[in-house]
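[1] Have a look at this prediction, sequence included:
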Amino acid sequence: MRFFVVDAFTDQAFAGNSAGVVLLDEPADPAWMQAVAAEMKHAETAFVVTTQAGPKSLRWFTPAVEVALCGHATVAATHVLGGEQTYTTKSGELRARADDGWVELDFPSDPPTPTDDDLSEILPDVEIEYTGRGVENLFAVLADAETVKNLEPDLAKLKTTWTGRLLVTAKGDDYVSRFFAPGVGIDEDPVTGSAHCILSPYWSEKLHSKELTGHQISARGGIVRTRQDGDRVHLAGQAVTIVSGELHV
């Protein structure tokens, strides 16, 4: 089984978000995939069945759980495979294309629904302008980019909420964001493609533009280009292969 480590949503090694990519000849046992993801310790590891006729089966695992959607590991998998790809996933059929150094994903839009979630204990002394929820994530809009950059959320309290996942954002050149997910074993995800399925519809409406550039301002940092297209979001990012090899178990 071929295995790769890819830094996604960046054009530089050791930046962006690292993902494992495992190419399978046949579907694998979920417990084995979970064990591999735990061993690799990346935010997500993608498992792709490459020998199927038609769309390829794609699943994503954090070190702790399987997730329904992962953007950066899909960028990583498509970067490895090249060309146009169609995947069958727990979030439906997904299409991706690698071209001229960029990978573009076609993902379902996830516009936030306003809520009255009280995040004051998770984000103490922080002005919150809007709270909402996507399919799996709490969502908070803060006053400015500097607040997002310096944020230190209470991760223990966040872990006990709903799904234990919080996306925070503010206006930047277009917009900036950070993503915390202790509920799935990730204190902070460096760059989160699927989070931009929430960010794109929200900021496209606020900024009156269907095409935006999001900066995820984690320590590693990364850039995601978004294009809102009805109930779909086209996400684009670059990627760099760091490691390639074989799994022996």
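    Happy to help now that I have it.
[2] What's opposite the nearest residue to residue 162 once chain neighbours are set aside in the beta bridge?
    Excluding its sequence neighbours, the residue lying closest to residue 162 (CB to CB, 6 or more residues apart in numbering) is residue 138, at 6.3 Å. Any C-beta I mention is one placed from the backbone N, CA and C, and that applies to glycine too. Going by DSSP bridges, residue 138 is paired in beta bridges with residue 133, residue 166.
[3] Now for residue 138, how many residues are close by?
    By other CB atoms under 10 Å, 24 other residues sit near residue 138.
[4] where does it land on pLDDT?
    Residue 138 is assigned 98 on the pLDDT scale.
[5] Tell me who's in contact with it.
    Contacts for residue 138 (CB atoms under 8 Å, 6 or more residues apart in numbering) come out as 117, 119, 131-132, 161-163, 165-167.
[6] please redo it, this time with the cut-off set to 10 Å
    112, 115, 117, 119, 122, 131-132, 158, 161-168, 180, 183 (CB atoms under 10 Å, 6 or more residues apart in numbering).
[7] now residue 30
    47, 59, 61, 66.
[8] residue contacts, the most centrally placed residue in the chain?
    Central residue of the chain (CA atoms, centre = their mean): residue 192, 2.7 Å from the mean position. Residues in contact with residue 192 (CB under 10 Å, 6+ apart) are 9, 17, 43-44, 70-72, 137, 165, 167, 177-181, 186, 198-199, 214, 216, 218, 222, 224.
[9] buried residues in stretch 203-220?
    Neighbour counts using 16 or more other CB atoms under 10 Å place 203-204, 210, 212, 214-218, 220 of stretch 203-220 among the buried residues.
[10] about what we covered before: and the residue nearest to residue 162, how close does it get to residue 194?
    Counting by CB to CB, to the nearest Å, the gap from residue 138 to residue 194 is 14 Å.
[11] Look up the closest residue to residue 247, ignoring the ones flanking it.
    Once flanking residues are discounted, residue 247 sits nearest to residue 1: 4.3 Å by CB to CB, 6+ apart.
[12] Is it correct that the one you found is in contact with residue 25?
    Yes. Contact criterion CB atoms under 10 Å: residue 1 and residue 25 qualify, at 7.5 Å.
[13] So for those two, which residue has more residues nearby?
    Neighbours were counted for residue 1 and for residue 25 using other CB under 10 Å; residue 1 has more, 14 against 11.
[14] Please list all residues in contact with the more buried one.
    22-25, 28, 36, 47, 245-249.
[15] Tell me which two in those are the farthest apart.
    Pairwise distances across these peak at 17.4 Å for 28 and 245 (criterion: CB to CB).
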